[in-house]
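Asks: sharing a model prediction with you, sequence too.
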Amino acid sequence: MSEFHVRAVAEGEQRACLDVLSQSLHGKPASDEVWAKMAPSWPAAGKFAAFDDHGTPVGITSSFEVELTVPGGQKLVTAAVDGVGVRADWTRRGILTSMMAAQLEDLAARGVPLAALHASEAVIYGRFGYGAATFCRGVSVERPRAQLRDGVGREGVVRFVTPAEAVERVPALYNRFEGTRPGFVSRPAGWWPGFFDRVVTGDDGYRVAVHSGPDGDDGFVVYQTIDTRDRQAPERGALLDIRELHAATPQAWAGLWRFLLSIDLVSAVAGRGRPLDEPLAELLTDPRAVNTTEVIDDLWLRLVDVFAALRARSYGTAEPVVLEVHDKQLPGNDGRYVVGPDGVERTATEADLRLDVATLSSLYLGHGLFGDLALSGRVEVLDEAAVARADALFHTARTPWCGTFF
Ligand SMILES: CC(=O)SCCNC(=O)CCNC(=O)[C@H](O)C(C)(C)COP(=O)(O)OP(=O)(O)OC[C@H]1O[C@@H](n2cnc3c(N)ncnc32)[C@H](O)[C@@H]1OP(=O)(O)O
């Protein structure tokens, strides 16, 4: 059997690596035209690849830097891991395992405290210390059943913007939302061309509408209209499918939903990836017009530097707990940490709760309960009373949500 070795991607090797990624995701190799557009946002930096005996890449993992808002509002440098794939004729030979090890060691050496990703499958990344840290919801709001309560979302004005205006204005607008919730990630300049500009300027008919309140533009929605008519239902209204909806104020949020729910000839307004706690039903006279179509893991987080990450977030009010953390990939994180409202220290005292780094990572942003994870054995309870204290310390007032796909 051929061998592989993993190393950092060198300048000039990116296009061959992109082809590996495309193959793993059932896509086509990039044409010269596509590559010319992508190349600026596909630097060699942050990429590790596996190469066969002939020097041909057969696996790839990438990352770029973002800032992630942690409970309490601090923004931590985070490696946004994306572009992971192994060529189908090389899978299940340990290539991903080796690439993840190289990437994590590099991040730790560079002092990057967190790594985060969106997983194609939920079974892949737990073994590398990632835990599902934010969840999101799919919603569908039935029309005409959904009628807004009196006065909801009437303060501002909503207007369409052209794709060119959207490309120019929305990035600055988005910066107004950063830091409002744990789990939010910044969108660096390199994110926009591949994930926003391409969509709104493409051929799929996406529309962008912007909300203005007393302080100017304060929210936007990107959505697509899908024709759902068929022979059985020739008069059925369209489906409005939200790609993203962000608002700086509750008024802007309600105003954008008012706009969507007021468009004529529509049978439903739907969206995936919405926050779990979005109070949509509260806008309507008939709350049953809102259906939850799915609840699914969103951001997977990995504490690369456990001490730095624990110290960076704030905690609720409770007596401290001692957590004993185990980290297979980065043993420097192994040890006990006393966590309380006044801060975090390493400690030699007896542990109250024992857990691995993936479990701690999934609890870090405030989603989930130590008590629930204790039920499945993911948290080992050494002092029963510590479970409620840990939940009180880690719980956050706002449900964590990422809101950005990468
Ligand atoms: C952040 C992102 O970019 S998400 C996108 C991830 N990429 C994709 O989904 C593209 C299609 N899939 C692939 O390219 C590959 O199958 C990968 C990257 C998911 C896995 O790569 P591999 O080199 O096969 O992983 P590797 O051999 O290191 O497997 C490590 C372990 O994970 C398990 N594993 C890996 N992938 C999967 C999977 N998709 N389903 C179930 N188990 C898996 C392996 O069985 C192995 O288990 P073991 O340690 O008990 O033996």
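Replies: Okay, I see it. Numbering: from 1, shown residues only.
Asks: mind listing residues that contact the helix or strand harbouring Ala115?
Replies: Here Ala115, judged by DSSP states H and E, is contained in strand 114-117. Strand 114-117 is contacted from outside by 63, 66, 68, 76-82, 84, 103-104, 107, 125, 130, 133, 185, 299-305, 309, 402, using C-beta atoms under 8 Å, 6 or more residues apart in numbering. The way it works is simple: take the backbone N, C-alpha and C, and place the C-beta from them, glycine included.
Asks: is it fair to say Ala358 lies in a strand?
Replies: No: counting by DSSP: H, G, I helix; E, B strand; the rest coil, Ala358 is not part of a strand but helix.
Asks: for the residue of the stretch 151-300 of the chain found nearest the ligand, which non-adjacent residue is closest in space?
Replies: Residue nearest to the ligand within the stretch 151-300 of the chain: Trp300 (7.9 Å; C-beta to the nearest ligand atom). Counting by C-beta to C-beta, 6 or more residues apart in numbering, Trp300 lies nearest to Tyr130, which is 4.2 Å off, once chain neighbours are set aside.
Asks: now do the contacts for the one you found.
Replies: 115, 117, 119, 300-302, 358, 361.
Asks: return the member of these nearest to Val200.
Replies: Checking the contacts of Tyr130 against Val200 by C-beta to C-beta gives Leu117 as the nearest, at 24.4 Å.
Asks: from the ligand, how far out is that closest one?
Replies: 4 Å (C-beta to the nearest ligand atom, to the nearest Å).
Asks: before we move on, back to that, give me the subset of the contacts of strand 114-117 lying in helices.
Replies: Among those, the members falling in helices (DSSP state H) are 103-104, 107, 309.
Asks: now those residues in CSV, with pLDDT, distance to the ligand and neighbour count?
Replies: Below are those laid out as CSV (pLDDT from 0 to 100; distance: C-beta to the nearest ligand atom, whole Å; neighbours: other C-beta atoms under 10 Å):
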residue, pLDDT, distance to the ligand, neighbour count
Gln103, 98, 11, 26
Leu104, 98, 13, 21
Leu107, 98, 14, 23
Ala309, 98, 20, 24
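Asks: quick check: the two most widely separated of those?
Replies: Gln103 and Ala309 (17.1 Å).
Asks: what mean pLDDT does the strand holding Ala115 get?
Replies: If you average the pLDDT over strand 114-117, you get 98.
Asks: now swap in stretch 336-343 and tell me
Replies: Rounded mean pLDDT across stretch 336-343 is 97.
Asks: who touches Trp300 in this structure?
Replies: Contacts of Trp300 (C-beta under 8 Å, 6+ apart): 116-119, 125, 130-133, 361.
Asks: how about 6 Å then?
Replies: By C-beta atoms under 6 Å, 6 or more residues apart in numbering, the contact set of Trp300 is 117, 119, 125, 130, 132.
Asks: which positions in this structure make contact with the ligand?
Replies: Residues of the chain lying close to the ligand by C-beta under 6 Å from any ligand atom are 24-25, 81-86, 91-97, 117-121, 123-124.
Asks: filter these down to the buried ones.
Replies: 24, 81-86, 93, 95-96, 117-119 (16 or more other C-beta atoms under 10 Å).
Asks: closest to Gly190 out of the residues you listed?
Replies: Asp82 (11.2 Å).
Asks: ok, the closest one - contacts?
Replies: Listed by C-beta under 6 Å, 6+ apart, the contact set of Asp82 reads 62, 406.
Asks: check the one 5 residues further on too.
Replies: Residues near Arg87 by C-beta under 6 Å, 6+ apart: 20, 23, 58.
Asks: which among the contacts of Tyr130 gets closest to Thr396?
Replies: Leu301 (13.7 Å).
Asks: how about the stretch 101-250 of the chain: which residue is closest to the ligand?
Replies: Residue of the stretch 101-250 of the chain nearest the ligand, by C-beta to the nearest ligand atom: Ser120 (3.4 Å).
Asks: do you know how far that residue is from Gly271?
Replies: Distance of Ser120 to Gly271, given as C-beta to C-beta, to the nearest Å: 21 Å.
Asks: how about the helices of the stretch 101-250 of the chain, start to end?
Replies: Under the criterion DSSP state H, counting those that start in this stretch, the stretch 101-250 of the chain carries helices at the ranges 163-174, 191-192, 198-200, 250-261.
Asks: of those helices, flag the one that's most buried.
Replies: Neighbour counts (mean count of other C-beta atoms under 10 Å) averaged over each of the helices of the stretch 101-250 of the chain peak at helix 250-261, with a mean of 22.
Asks: what helices and strands are in contact with that one?
Replies: strand 207-213, strand 216-226, strand 238-247 (3 or more C-beta pairs under 6 Å, 6 or more residues apart in numbering; DSSP states H and E).
Asks: adding mean neighbour count and mean pLDDT, write those out as CSV.
Replies: As requested, the helices and strands packed on helix 250-261 are exported to CSV (neighbours: other C-beta atoms under 10 Å; pLDDT from 0 to 100):
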stretch, mean neighbour count, mean pLDDT
strand 207-213, 21, 98
strand 216-226, 19, 97
strand 238-247, 20, 96
